[in-house]
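Enquirer: Could you look at this predicted model? Sequence included:
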Amino acid sequence: MTKTKTAKPGQLTFWERNKRSGGYLLQKKIMEVGVALARFILLFGMCFLILQPILNKISVSFMKEADLYNPVVISIPSEFTTENYQLAGQLMYYKDGLKNTFLISLTIAILQVCMCTIVGYGFARFEFPFKKFWFACVMATILVPPQTIATSLYLHFRFFDILGLIKLITGDTINLRNSVLPYYLMSAGCTGLKNGLYVFLIRQFFRNLPGDLEEAAYVDGCGTFKTFIRIMLPEAKPILTSCFLFSFVWQWTDSFYSKMFLGGKRLLSTSLASLVDTLAAFLIRLRGGGGGGVSVGYSNMLLSTGTLMMITPLLILYLFAQRAFVESISSTGIKM
Amino acid sequence: MGYSMKSQTKRKKYVGLQRRKAKSGYLFILPFIIGFLAFMVKPFFQSLYMSFCNVEVGSGSFVLSFNKLTNYYFAFRVDPEYNRLLVEEITRMIIYSLAIIVFSFFVALILNQKFHARALVRAIFFLPVILSSGVIIGLESDNQLMANMANLMEEAASGVSVTDALENILRTAGVATRAFEEVFEIIDNIYDVAIASGIQIIIFLSGLQTIPSSMYEAADIEGCTAWESLWKITFPMISNLFLVNWFYTVIDFSMRTDNEVIKKIQEVMIINLNYGPASAMAWIYFLIILAFVGITSLIISRGVYYYD
């Protein structure tokens, strides 16, 4: 038998099939192509919308100040220069800041994920009195804006004391304002940045796992904690990864908690927030105390460069861990 | 699987194995209880108390002296901006939260279809969750240069703006009432909406993927159009996610760093060192948000359809 398209029974050409269906096939095909085209235009536009600020920042960061006022230059600088990067790096103490930010984000993220996993597991897999009440408290930590309690937290750590014990011994309270300890303590107590959300997500994930595994382990004589470590943790890898990534990234960009508790440390987020002021001070010093502020364009150019320098590590991370970010949230099966 | 059977364990005494399990349950959530009591409850009530007090910070400690509602009076009647900022911020929150929900729902619908480079598009839509968090979003809103540049590019595109043209047509047609003005504002600021809806899109997507495709097939065979199955199948099936997303959006929006009320509170607290009034302002804001979330969630939860 020779293989020709038309000769094969049941495999008609498109037009023949179209004819048989009375024009319906063509209509459907046109609809499909039209929808795909509309979808492409819409998505392309929206993706461009989201990416545009980053692209703009990249192009601005290589410009000289003169390019900003040059009406011909829009997005491609007339003279390529990396001096913005050098200056921003110098003003933000980039190397120091990067190291500190990385260390703090990493340790905080690990601590937060560990604690939230333990708590989330407790909420998902055990029945105990007042469980609903405590879970409502978790939701409350999500609800209460940190700004509401900021004032008193600030004073709480300024005059830190454990039930009046320390004052009894040393005669004075401890000032924990400029140490990193309070924030680690808060993270250990699941009250750090967005920790309620992590507890919620992890609990949701554990609730959806089948209980048979655990029961089998119990029957075989495995203790509660051992079951948790050996049996349940490996199952929960995807959600733990994504919570870790979120915690890491949000800690990296956070300015609220950093400003309040980690003020003594050089962090990228806080130095970026004060970059414009630093620049002004730097320029005044450079000019020998002379007046004259910084032009808005120049400071914004530097700010864009600084922002880029801050998010580059995150972008690289996202490039590799994109799947973990996106997919594991959908694996939790969030319901209310 | 006795864990999920709430009714069974609810009214029983905790004895034997259950008692042991209850104990280990408490052990597991102990870190949270300690943290909650130490770093939430105490500051929470202290800040509530502080909002009724005059706070004086000395060298060794701080002194609280009760002064009734003076701080609240200060927030509402003395401070020149607070009322205005509060009203503006809350209207903005309502409008944007609605827009974010609608936007993320439709984007999720599109992203749930099969097409090339879907993973890439999803990754791009999720990017703002990472890049527009914390300090960056506050800086972004102040960045004049970027706004200028965007304008320049728009002009460079030969000044053709479809939205402007449409707005003009609608305005001259006389239909531009206040509601339309709000819609225009959202369309002009679609970027703000897009960058705030990353998480919501993912949550909707996860919901859409759980709807069995057999439902759509059955509806299709019965002669249901895509539009009808959107309203009769998709909408009810993921209606509970609207509640989750609404909750998340409102909370997220009310705590953003570019929020004017929050900026105001921080200014009063850190620059003016007025701890009492700052607490009062924070509490007013918090209570309004709480009431708003509570009432709207209640309304939405009435419309939620539970399949199982």
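Expert: Received, thanks.
Enquirer: When you work out contacts or count neighbours from here on, use the C-alpha atoms and nothing else.
Expert: Will do.
Enquirer: and the residue in the stretch 51-200 of chain A that chain B sits nearest to, what is it in contact with?
Expert: Here the stretch 51-200 of chain A gets closest to chain B at one residue, A:G189, 3.6 Å apart by Cα to the nearest Cα. A:G189 makes contact with A:M115, B:P31, B:F32, B:I33, B:I34, B:G35, B:F36, B:F39, according to Cα atoms under 8 Å, 6 or more residues apart in numbering or on different chains.
Enquirer: Of the residues you listed - the most surrounded one?
Expert: B:F32 (29 neighbours; other Cα atoms under 10 Å in any protein chain shown).
Enquirer: returning to what we had before: a markdown table for the contacts of A:G189, including distance to B:Y82 and secondary structure?
Expert: Formatted as a markdown table, those follow (distance: Cα to Cα, whole Å; DSSP: H, G, I helix; E, B strand; the rest coil):
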| residue | distance to B:Y82 | secondary structure |
| --- | --- | --- |
| A:M115 | 38 | helix |
| B:P31 | 38 | helix |
| B:F32 | 35 | helix |
| B:I33 | 35 | helix |
| B:I34 | 35 | helix |
| B:G35 | 33 | helix |
| B:F36 | 30 | helix |
| B:F39 | 28 | helix |
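Enquirer: Excluding covalently adjacent residues, which one is nearest to A:L197?
Expert: A:I142 (6.4 Å; Cα to Cα, 6 or more residues apart in numbering or on different chains).
Enquirer: Pretty sure the one you found sits against A:V199.
Expert: No - taking contacts as Cα atoms under 8 Å, A:I142 lies outside contact range of A:V199: 10.0 Å.
Enquirer: These two: which is more packed in?
Expert: Per other Cα under 10 Å, whichever of A:I142 and A:V199 has more neighbours is A:V199, with 30 against 22.
Enquirer: Going by contacts, tell me the helices and strands next to the host helix or strand of that one.
Expert: For A:V199, the enclosing helix or strand under DSSP states H and E is helix A:195-208. For helix A:195-208, the elements it packs on are helix A:94-125, helix A:131-143, helix A:237-253, judged by 3 or more Cα pairs under 8 Å, 6 or more residues apart in numbering or on different chains; DSSP states H and E.
Enquirer: Can you tell me which of those is most buried?
Expert: helix A:237-253 (a mean of 23; mean count of other Cα atoms under 10 Å in any protein chain shown).
Enquirer: Could you list the residues in contact with it?
Expert: A:101-102, A:105-106, A:108-110, A:112-113, A:117, A:193, A:198, A:201-202, A:205, A:268-269, A:314, A:324-325, A:328-329, A:331-332, B:130, B:133-136.
Enquirer: Can you tell me the closest non-neighbouring residue to the residue of the stretch 51-200 of chain A closest to chain B?
Expert: B:G35 (3.6 Å).
Enquirer: Check whether whichever helix or strand comes after the helix holding A:V199 comes near chain B.
Expert: Next helix or strand after helix A:195-208 toward the C-terminus (DSSP H and E): helix A:212-219. Yes - using Cα under 8 Å from any Cα of the partner chain, helix A:212-219 reaches chain B at A:D212.
Enquirer: Can you give the contact residues for helix A:212-219?
Expert: Contacts for helix A:212-219 (Cα under 8 Å, 6+ apart): A:T224, A:T227, A:I231, A:M232, B:M1.
Enquirer: Using a markdown table, please lay out those residues together with secondary structure, neighbour count and distance to B:E222.
Expert: Listed next are the contacts of helix A:212-219 as a markdown table, based on DSSP: H, G, I helix; E, B strand; the rest coil; neighbours: other Cα atoms under 10 Å in any protein chain shown; distance: Cα to Cα, whole Å:
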| residue | secondary structure | neighbour count | distance to B:E222 |
| --- | --- | --- | --- |
| A:T224 | helix | 15 | 52 |
| A:T227 | helix | 18 | 50 |
| A:I231 | helix | 15 | 46 |
| A:M232 | helix | 18 | 44 |
| B:M1 | coil | 9 | 39 |
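Enquirer: Which of the residues you listed scores worst on pLDDT?
Expert: Confidence by pLDDT is poorest for B:M1 among those, given 41.
Enquirer: so where do the helices sit in the stretch 51-200 of chain B?
Expert: Here the stretch 51-200 of chain B has its helices, by DSSP state H, counting those that start in this stretch, at B:70-73, B:82-111, B:118-131, B:135-142, B:144-156, B:162-172, B:178-188, B:190-195, B:198-210.
Enquirer: Can you mark which positions in the first one are buried?
Expert: Buried residues in helix B:70-73, defined by neighbour count with 16 or more other Cα atoms under 10 Å in any protein chain shown: B:T70, B:N71, B:Y72.
Enquirer: what sits against the last one?
Expert: When contacts are counted by Cα under 8 Å, 6+ apart, B:Y72 touches B:S51, B:F52, B:P277, B:A280, B:M281.
Enquirer: From those residues, pick the one nearest B:L109.
Expert: Checking the contacts of B:Y72 against B:L109 by Cα to Cα gives B:M281 as the nearest, at 40.0 Å.
Enquirer: three-state assignment of that closest one?
Expert: helix (DSSP: H, G, I helix; E, B strand; the rest coil).
Enquirer: per-residue pLDDT, it?
Expert: 82.
Enquirer: And A:R17, by the same measure?
Expert: pLDDT, A:R17: 82.
Enquirer: Next up, identify which helix or strand the nearest residue to it once chain neighbours are set aside is on.
Expert: Sequence neighbours aside, A:L25 is the residue nearest to A:R17 in space, at 7.4 Å (criterion: Cα to Cα, 6+ apart). In the assignment (DSSP H and E), A:L25 maps to helix A:24-61.
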